[in-house]
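Undergrad: Below is the sequence, then the predicted model.
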Amino acid sequence: MRPAYPLPGDTQQVLRRFDLKRSRHPGLLLSRYAPDWRADPTLKKSALETVRDTPVDTKLLSAFRHRWYAVVTSQHAQVFEATTAWRLVVGLGQKGPLEVGFTFHHLYGIPIIPGSALKGLARAYASLVEERNESDPDFLAIFGRAPTSGGQENAAQAGKAVFFDAIPLNQPKLDLDVMNPHYPDYYRGERLPTNWQDPKPVYFLALKAGVRFAFAVGWRGTLDEQGRRLQGLATEWLQKGLQELGAGAKTSAGYGFFN
């Protein structure tokens with residue numbers, strides 16, 4: 001018997017006639033076709049397994065890759081490739097019916113790394129490792145500055161570096177991973193972290209090692225000698241951030257690092 005889905009009746013009738021194994025959109029299954037697991041928590045794991053086992057359409061991935069290259073090339077972006085050294089989790093904290101998130105392209109269902117996350121990673125590397133900040137002209141030109149109270153010298157400024165979404169070049173393979181909080185009552189604020197509490201496994205999706213991504217950094221200013229130097233510096237900070245800091249969630253546990 002198939003699980004119930006918290007969807008309108010006419011939508012459920014269509015869904016009952018549809019074989020989920022035919023789907024090529026894991027993102028849609030994660031965000032829209034989640035079963036009602038409130039009465040049976042095991043359905044949550046099986047739903048994530050269905051998402052994990054749903055392959056991306058290879059023709060769609062190829063077309064998406066060609067379209068992406070056409071866009072970044074037209075913007076004179078610097079392009080490079082890197083491969084996941086271990087597992088990668090992006091968007092774990094996103095809201096969803098299964099309580100765990102993952103970032104898929106909303107139209108194509110292909111795992112991506114949002115450009116906003118990559119900009120934050122490059123900025124973190126420049127700040128934490130290079131010890132740059134908004135008082136540095138290069139840092140300010142690349143990342144800009146948020147508005148602050150004060151005089152004209154603190155006015156907002158847009159960064160000139162453009163960090164495009166990173167896309168997979170080969171078939172991205174998902175895996176089912178697990179977190180196992182040992183003190184659930186403590187995290188709920190109910191008691192001290194004692195060893196006799198019942199651990200509650202939390203399952204989530206992660207990309208496997210060996211997925212090769214394409215990255216691109218564009219420049220919205222003039223690409224003269226100075227512009228190309230700054231664009232190259234932004235690209236370098238992103239590359240080193242991917243290698244040394246890691247992208248996405250759980251980097252302290254070894255996730256998100258690239259070769």
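TA: Received it, and whenever you're ready, just let me know what you need. Numbering: from 1, shown residues only.

Undergrad: what ranges do the strands span in this protein?
TA: Using DSSP state E, the strands of the chain run over 78-83, 144-145, 157-158, 161-163, 167-168, 174-179, 202-207, 212-219.

Undergrad: partners of the second one, with directions?
TA: Spelled out, that is strand 144-145. Strand pairing for strand 144-145, determined by DSSP bridges: strand 157-158 (antiparallel).

Undergrad: average model confidence for the strand it pairs with?
TA: The average pLDDT for strand 157-158 rounds to 88.

Undergrad: now swap in stretch 58-77 and tell me
TA: Across stretch 58-77, the average pLDDT comes to 96.

Undergrad: now swap in stretch 138-154 and tell me
TA: Rounded mean pLDDT across stretch 138-154 is 80.

Undergrad: what do you get for stretch 116-133?
TA: pLDDT averaged over stretch 116-133 gives 97.

Undergrad: which residues of this protein score low on pLDDT?
TA: 1-2, 149-154 (pLDDT under 70).

Undergrad: run the last query once more with 80
TA: 1-7, 12, 15-16, 20, 147-155, 181, 184-185, 187, 200 (pLDDT under 80).

Undergrad: And the helices in it, which stretches?
TA: Along the chain, counting by DSSP state H, helices occupy 9-16, 26-31, 42-52, 58-74, 115-128, 137-143, 184-187, 225-244.

Undergrad: List the residues that contact the residue sitting nearest the centre point of the chain.
TA: Most central in the chain under CA atoms, centre = their mean is Val90, positioned 2.8 Å from the mean C-alpha point. By CB atoms under 8 Å, 6 or more residues apart in numbering, the contact set of Val90 is Phe102, Thr103, Pro111, Ile112, Ile113, Pro114, Ala117, Ala247, Gly248, Ala249, Gly256. Where C-beta positions appear, they are placed from N, C-alpha and C, glycine not excepted.

Undergrad: Apply 6 Å and report the result again.
TA: If a contact means CB atoms under 6 Å, 6 or more residues apart in numbering, then Val90 has Thr103, Ile113, Gly248 as its contacts.

Undergrad: Hmm, Val89 and the first one touching each other?
TA: No - here Thr103 does not reach Val89: they are 9.1 Å apart, not a contact under CB atoms under 6 Å.

Undergrad: if you count what's nearby, which of those two comes out ahead?
TA: Comparing Thr103 with Val89 by other CB atoms under 10 Å, the one with more neighbours is Val89, at 23 against 19.

Undergrad: Of the helices of the chain, which is nearest Pro172?
TA: Evaluated over these, closeness to Pro172 peaks at helix 58-74, with 8.3 Å, by CB to CB.

Undergrad: residues in contact with the closest one?
TA: Contacts of helix 58-74 (CB under 6 Å, 6+ apart): Tyr108, Phe164, Ile167, Ala216.

Undergrad: Kindly export it (C-alpha atoms) in CSV.
TA: Taking C-alpha atoms only, helix 58-74 is exported to CSV below (Å, rounded to 0.1, in the frame of the first residue of the first chain):
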residue,chain,number,x,y,z
THR,A,58,21.5,12.8,-18.7
LYS,A,59,20.2,14.7,-21.8
LEU,A,60,18.9,17.5,-19.6
LEU,A,61,22.2,17.7,-17.7
SER,A,62,24.1,17.9,-21.0
ALA,A,63,21.8,20.7,-22.3
PHE,A,64,22.0,22.5,-19.0
ARG,A,65,25.8,22.3,-19.1
HIS,A,66,26.0,23.8,-22.6
ARG,A,67,23.6,26.6,-21.7
TRP,A,68,25.6,27.4,-18.6
TYR,A,69,28.9,27.5,-20.6
ALA,A,70,27.2,29.8,-23.1
VAL,A,71,26.1,32.2,-20.4
VAL,A,72,29.4,32.4,-18.5
THR,A,73,31.4,32.7,-21.7
SER,A,74,29.3,35.6,-22.8
